[in-house]
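*Asks:* just the structure for this:
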Amino acid sequence: MKSSAGEQEGSQIQHEAAEGSMLSGAMSLASQPSLRSLPSLDVHDLNTSPSLHQCIATIKGHSSASAYVSALAVDGDSLYIASSDGSIRLWALDGASRSQEEQQQDDGCSSSSSSTTVADTDSSVKSLLATGNGGLLLSSHQDGKIRAWRAGSRRRDGETRPQLVLRAVLPTAVDRLRTCLLPWSYVEIRRHRRCTWVHHVDAVTALAVSPDGALLYSASWDRSIKVWRLPGFRCVESIAAAHDDAINALAVSPDGRVYTGSADKKIKAWTRGPGQRKHALVGTMERHRSAVNALALGANGKVLYSGACDRSVVVWESAGGGDGGMEATGTLRGHARAILCLAAAGELVCSGSADRTVRVWRRGGAENNGYTCLAVMESHGAAVKSLALVRGGRDDDGSCSSEGSSALVCSGALDGDVKIWSVFIPCL
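*Replies:* Next comes the predicted model:
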C-alpha cells in the first residue's frame with residue numbers, strides 16, 4: 001500500500017498541482033481557501049507590458065505524453081532539466097542569446113531541440129541541486145534515494161558529448177552496511193515495518209546545502225529530514241517525524257538555519273548551535289490555510305517566501321530579535337490557483353502556479369515600500385511545476401546601471417516544456 005503522501009500524487013497531477021500538497025483528493029485547486037489572515041502587501045506599478053519580459057526559447061519535452069518537467073537547476077551556463085521519467089537533460093543557457101528575429105517564431109518563443117539527455121535513471125526525479133562544488137549535481141528521486149553526479153563526457157559517433165557520471169547513491173553501501181549490523185539503528189517507519197535510520201522510505205522531495213558546503217539536507221514525504229556530510233556522503237543525522245505530514249520544501253539561510261514546508265500547513269525552522277551535534281526545532285510558523293508547496297530565500301536570507309495551495313505567497317521577514325526568527329509581514333496575491341514553485345535571488349522572487357502562469361515580483365517598490373509585479377508570463381500550456389532564476393546585467397558594485405538590469409527565468413511545466421524568459425528590471 002502506498003503512503004498517504006504517495007497516494008496524493010495522482011490526484012495532484014490530475015488537478016495540475018504539486019506532489020504531496022492536496023488537502024483532499026476530491027477538492028480541486030480552484031476551490032482551495034484563500035489566505036485572509038494576513039493583509040495583502042502593496043503591489044506598486046503593476047506592469048505586465050511585453051516590453052518588460054519576453055519568452056526567448058522553448059525547450060520541448062519528451063515524446064512521452066506522460067513525462068513532465070519535475071525540477072530545474074542552473075550550474076554556470078548550463079541548465080539541467082529533470083523529468084518524471086527519471087531522465088536529466090542539459091541545455092546551454094548561452095543558447096538563449098539568439099537574435100530577435102529568431103525569437104519571433106512559435107508565438108514569440110523559438111523552439112530549441114538542442115537539449116541533450118545526460119543521465120537516465122529508473123526513478124522519477126523530484127528535485128535537482130547544483131552545489132557549485134567541483135561540478136557536483138544532486139538529484140532526489142521517487143524511490144527514496146539521492147544520486148550524486150559529476151559533469152563528464154562520452155564519445156559517440158565520432159563526437160564528444162556531455163554526460164553525467166554517477167558518483168554515489170545515498171545512502172551509500174558503506175552507510176547501509178554500517179547501520180544494518182547495529183540493532184539500535186533500526187526505526188519503525190510504519191506499523192510492522194522497520195528500516196535503518198539512514199534510509200528515506202518515500203520520495204525525497206527537496207535538497208539544500210549548508211552555506212559552507214559541508215552538509216547536505218534532504219526532506220521527504222516520509223516526514224523526515226536527513227543530514228549528510230559532504231564530500232563523503234555519510235548520513236550523520238536523521239530527524240524523524242519532523243512534520244505531521246509530507247515535507248514538500250526545504251531552504252537553508254546564509255546563517256545555517258534550515259526551513260521546511262509541509263502538507264501539514266506549517267513551516268518549521270531548525271538550527272544547530274555552536275558545539276551541538278544535532279539540529280533542534282527553534283520555531284514553527286503557521287499562516288497558510290493549506291499545504292505548503294515551496295520555499296525560497298531572498299534578500300541575502302533576510303526574507304523567506306512560502307507558497308501554498310491557498311494561492312498566496314507569504315512574505316516572512318527577520319523579526320530582529322537576534323535569534324534569527326521570522327515573522328509574517330504580508331502576502332503576495334495574484335495567482336488564481338495553487339503556488340507550486342518559487343525561486344528568489346536578491347530582491348527578485350518568481351512564483352509558478354497551477355494557473356499556468358509565472359509571476360515576477362521585486363521587493364522594494366515605490367519609495368522602497370511594498371512590491372512591484374514586473375511580469376506575468378502566460379505561455380505555458382499546463383501547470384508550472386519548477387523554476388530557476390538567473391540574475392545578470394548589474395554593475396560590479398551590485399548597483400543597477402542607468403538602463404536597468406536583467407534576469408533569466410527558466411520555467412518547467414507539466415506538459416513537458418521548459419520556457420526561457422528574459423525579464424527587464426528597471427532601476428528603483
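
*Asks:* I'd say Ala388 and Ser78 touch.
*Replies:* No. Taking contacts as CB atoms under 8 Å, Ala388 lies outside contact range of Ser78: 11.0 Å. For every residue, glycine as well, the C-beta is placed using N, CA and C.

*Asks:* between those two, which has more neighbouring residues?
*Replies:* Ala388 (25 against 18; other CB atoms under 10 Å).

*Asks:* look up how far Asp122 lies from that one.
*Replies:* 25 Å (CB to CB, to the nearest Å).

*Asks:* also Val376?
*Replies:* Val376 is 38 Å from Asp122, by CB to CB.

*Asks:* what segments of the stretch 101-250 of the chain are helices?
*Replies:* For the stretch 101-250 of the chain, helices defined by DSSP state H, counting those that start in this stretch occupy the ranges 105-108, 173-180.

*Asks:* lowest average pLDDT across those?
*Replies:* Ranked by mean pLDDT, the helices of the stretch 101-250 of the chain bottom out at helix 105-108, with a mean of 51.

*Asks:* what mean pLDDT does stretch 330-350 get?
*Replies:* On average, stretch 330-350 scores 95.

*Asks:* can you give me the strands for the stretch 1-150 of the chain?
*Replies:* Assigned by DSSP state E, counting those that start in this stretch, the stretch 1-150 of the chain shows strands spanning 43-44, 53-59, 69-75, 78-83, 87-92, 111-112, 116-120, 125-130, 136-141, 146-156.

*Asks:* other SSEs contacting the second one?
*Replies:* Pointing back at strand 53-59 there. Applying 3 or more CB pairs under 8 Å, 6 or more residues apart in numbering; DSSP states H and E, we find strand 53-59 packed against helix 100-103, helix 105-108, strand 111-112, strand 371-377, strand 418-425.

*Asks:* now do the shortest one, average pLDDT.
*Replies:* Model confidence over strand 111-112, given as mean pLDDT, is 61.

*Asks:* what does the fourth one give?
*Replies:* Mean pLDDT, taken over the full extent of strand 371-377, equals 91.

*Asks:* how far does it sit from its chain's centre?
*Replies:* Centre-to-centre, strand 371-377 and its host chain are 20 Å apart (CA atoms, centre = their mean, to the nearest Å).

*Asks:* relative to the next helix or strand after it, what are the paired strands and their orientations?
*Replies:* Helices and strands here follow DSSP states H and E; after strand 371-377, the next one along the chain is strand 384-392. Strand 384-392 has the following strand partners under DSSP bridges: strand 405-413 (antiparallel).

*Asks:* show me which residues of the strand it pairs with are buried.
*Replies:* 405, 407-413 (16 or more other CB atoms under 10 Å).

*Asks:* next one: stretch 213-231
*Replies:* Buried, per 16+ other CB under 10 Å, within stretch 213-231: 215-228, 230.

*Asks:* re the thing from before, reformat the buried residues of strand 405-413 as TSV; add distance to Ser318 and pLDDT.
*Replies:* Listed next are the buried residues of strand 405-413 as TSV, based on distance: CB to CB, whole Å; pLDDT from 0 to 100:
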residue	distance to Ser318	pLDDT
Ser405	25	83
Ala407	24	92
Leu408	28	94
Val409	26	96
Cys410	29	97
Ser411	29	97
Gly412	31	96
Ala413	34	96
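
*Asks:* wait, Val376 touches Thr357, no?
*Replies:* Yes. Using CB under 8 Å, Val376 makes contact with Thr357 at a distance of 5.8 Å.

*Asks:* neighbour count winner among the two?
*Replies:* In this view Val376 and Thr357 are compared by other CB under 10 Å, and Thr357 has more residues nearby, 21 against 16.

*Asks:* how near is that one to Cys309?
*Replies:* For Thr357, the distance to Cys309 - CB to CB - is 16 Å.

*Asks:* where does the stretch 201-350 of the chain dip in pLDDT?
*Replies:* Across the stretch 201-350 of the chain, residues meeting the criterion (pLDDT under 70) sit at 321-324.

*Asks:* where does the stretch 1-150 of the chain have low pLDDT?
*Replies:* Ranges of the stretch 1-150 of the chain meeting pLDDT under 70: 1-37, 39, 41-51, 62-65, 95-113, 133-134.

*Asks:* can you get me a residue count around the nearest residue to Ser153 once chain neighbours are set aside?
*Replies:* In space, and not counting its chain neighbours, Ser153 is closest to Thr160: 5.2 Å by CB to CB, 6 or more residues apart in numbering. Using other CB under 10 Å, Thr160 has 9 other residues around it.
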